[in-house]
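Enquirer: Structural data only, the sequence is not supplied:
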């Protein structure tokens with residue numbers, strides 16, 4: 001089994017028929033598609049139905065049919081296997097990876113990814129920030145970037 005990723009949290013029960021509120025920590029909403037499997041604590045659960053409900057998701061899981069069963073899931077972290085998407089760059093693959101320009105110039109190690117309204121930013125161990133738009137490839141622990149001239153120049 002692949003390393004599991006944190007994808008959300010069950011925040012509270014809703015109603016009497018087993019529904020719960022789920023706060024996703026991912027933008028991949030297919031995590032809540034019907035039939036998706038999530039690990040809640042030490043128990044695998046399957047999504048029966050999910051719909052947006054304000055800022056959260058209202059979700060029914062297979063076999064969770066009443067308020068007591070829903071309450072038993074509250075405050076549980078939700079984990080899932082990585083999604084196989086060859087066109088996507090994943091945070092778990094980028095943090096800790098070496099950052100190298102397409103020209104071969106090493107720029108350090110990625111220590112974090114920061115959400116930013118324009119574009120997410122890679123934070124390097126040097127403190128430099130690199131917009132993800134300049135990421136060319138991520139493979140085998142190396143992030144290849146194609147930055148514009150002057151991105152790393154300090155005044």
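Expert: Good, I have the coordinates. Owing to the predicted nature of the structure, the values given are computational and were not obtained by experimental measurement.

Enquirer: Map the structural domains onto the sequence of the protein.
Expert: Domains of the chain are assigned by automatic domain parsing as 5-80, 91-145.

Enquirer: need those domains in a markdown table with distance to residue 151 and mean neighbour count, can you?
Expert: To be clear about C-beta, it is placed using only N, CA and C from the backbone, and glycine gets the same treatment. Below are the domains of the chain laid out as a markdown table (distance: least, CB to CB, whole Å; neighbours: other CB atoms under 10 Å):
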| stretch | distance to residue 151 | mean neighbour count |
| --- | --- | --- |
| domain 5-80 | 26 | 16 |
| domain 91-145 | 7 | 15 |
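
Enquirer: and those domains, which one is worst for confidence?
Expert: Ranked on mean pLDDT, the bottom entry among those is domain 91-145, at a mean of 90.

Enquirer: Relative to the whole chain's centre, how far out is that domain?
Expert: Its chain's C-alpha centre and that of domain 91-145 lie 16 Å apart, by CA atoms, centre = their mean, to the nearest Å.

Enquirer: Equivalent analysis for stretch 13-29, please.
Expert: Relative to the mean C-alpha coordinate of its chain, stretch 13-29 is positioned 16 Å out (CA atoms, centre = their mean).

Enquirer: Tell me which stretches of the protein form strands.
Expert: Shown for the chain, the strands assigned by DSSP state E span residues 5-14, 19-24, 37-40, 43-53, 56-61, 77-80, 98-101, 106-114, 121-124, 129-131, 135-139, 142-145.
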